[in-house]
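>>> okay, sequence plus prediction incoming.
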Amino acid sequence: MSNADELKRQAAAKALELVEPGMRLGLGTGSTATHFVALLGERVAQGLQVIGVPTSERTRAQAESLAIPLADLDTLQTLDLTVDGTDEFDPALRLIKGGGGALLREKIVAAASNRMVVITDSSKAVQTLGKFPLPVEVNRFGVEATRHLIARESALAGSSGEIRLRKEASGAPFVTDGGHYIFDCAFGIIPAPEDLAARLTAIPGVVEHGLFLGLASAVISAGAQGVTVYGSLV
Ligand SMILES: O=C(CO)[C@H](O)[C@H](O)COP(=O)(O)O
């Protein structure tokens with residue numbers, strides 16, 4: 001296991017301590033969340049009873065392979081805890097997510113949860129969001145008009161930069177689990193995340209954006225100095 005992977009696993013192990021029998025859990029997406037699901041699978045194999053809601057088809061496949069009982073939000077409606085990774089977090093626990101393309105379901109699941117705990121290695125900590133290109137999920141209809149509006153509204157919020165359509169290695173556009181495209185917005189710095197979020201949400205072609213504001217109650221960050229918890233785990 002690489003050093004970065006080892007740190008991700010340490011953060012995942014710390015989050016696993018929050019899991020109690022009977023909990024309804026949101027299961028995140030990405031290489032860090034994969035560690036959490038793997039560790040949860042070990043506990044389930046030992047008899048822990050929980051029910052999970054996956055945030056992507058990828059996570060669903062992993063959870064099913066580990067025999068973790070799954071449900072959907074139509075059945076459960078609210079969850080006790082969601083554990084997910086992040087692409088960036090700032091000192092106010094604001095996040096950029098969506099590097100793995102699952103931001104829409106991740107945000108729906110996080111919003112349905114009493115607590116969202118983020119697990120990460122310390123390389124994702126930033127003072128100001130925006131170094132990681134902001135993913136914006138868009139409807140395929142009118143995609144170039146939507147790109148134009150994203151550029152205009154982002155500039156009004158003080159953010160500008162290249163807005164790239166995410167592509168597969170084959171060159172075909174990346175398509176999300178929900179059947180949408182993603183624009184990766186290389187803003188470099190996002191001086192007003194709340195303003196930008198409101199402006200993006202108001203664009204009809206924008207399905208959801210990767211700014212997770214006021215959703216994370218804690219960030220568990222593993223680094224060379226050990227595991228640091230920002231926010232509250234209770
Ligand atoms: O938002 C995400 C997927 O949409 C992931 O949580 C984010 O990209 C972090 O991934 P990783 O743990 O692989 O670094």
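All right, it came through fine. Residues are numbered from 1 along each chain as shown.

>>> return the residues in contact with the most centrally placed residue in the chain.
Nearest to the mean C-alpha position of the chain, by C-alpha atoms, centre = their mean, lies K97 at 4.3 Å. Going by C-beta atoms under 8 Å, 6 or more residues apart in numbering, K97 touches D84, G85, T86, D87, L103, E106, K107, P135, G210, F212. Every C-beta, even on glycine, is put in place using the N, C-alpha and C of the backbone.

>>> repeat that for L200.
L200 makes contact with V136, I150, E153, S154, V206, H209, L211, according to C-beta under 8 Å, 6+ apart.

>>> any part of the top strand by length along the chain near the ligand?
Ranked by residue count, the top strand of the chain under DSSP state E comes out as strand 113-121. No - applying C-beta under 6 Å from any ligand atom, one finds strand 113-121 out of contact with the ligand, separated by at least 7.0 Å.

>>> what residues sit buried inside that strand?
By 16 or more other C-beta atoms under 10 Å, the buried positions in strand 113-121 come out as S113, R115, M116, V117, V118, I119, T120, D121.

>>> sort out which one of those lies nearest the ligand for me.
Nearest to the ligand among those is T120, at 7.0 Å by C-beta to the nearest ligand atom.

>>> how about S159, secondary structure?
coil (DSSP: H, G, I helix; E, B strand; the rest coil).

>>> for the residue found closest to it once you drop the neighbours it is linked to in the chain, give me its contacts.
Nearest non-adjacent residue to S159, counting by C-beta to C-beta, 6 or more residues apart in numbering: F187, 4.1 Å away. Applying C-beta under 8 Å, 6+ apart to F187 gives the contacts G130, P133, L134, S154, S159, S160, G161.

>>> who wins for neighbours among the residues you listed?
L134 (30 neighbours; other C-beta atoms under 10 Å).

>>> before we move on, back to that, how about a markdown table for the contacts of F187, with distance to V229 and pLDDT added?
Shown next, in a markdown table, are these (distance: C-beta to C-beta, whole Å; pLDDT from 0 to 100):
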| residue | distance to V229 | pLDDT |
| --- | --- | --- |
| G130 | 24 | 97 |
| P133 | 27 | 98 |
| L134 | 26 | 98 |
| S154 | 32 | 98 |
| S159 | 30 | 98 |
| S160 | 35 | 97 |
| G161 | 32 | 98 |
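
>>> near the ligand too, which of the residues you listed?
Among those, no residue sits close to the ligand (C-beta under 6 Å from any ligand atom).

>>> out of those, which is nearest to D5?
Distance to D5 across the contacts of F187 (C-beta to C-beta) is lowest for P133, with 23.0 Å.

>>> so in that sheet, which strands flank the helix or strand just after the longest strand of the chain, and in what orientation?
Later in the chain than strand 113-121, the nearest helix or strand by DSSP states H and E is strand 134-138. Sheet pairing of strand 134-138 (DSSP bridges) gives strand 181-186 (antiparallel), strand 206-209 (antiparallel).

>>> ramachandran angles for G100?
Phi and psi for G100, reported as degrees, to the nearest 10, are phi -90, psi 0.

>>> next one: it from G30, what distance?
4 Å (C-beta to C-beta, to the nearest Å).
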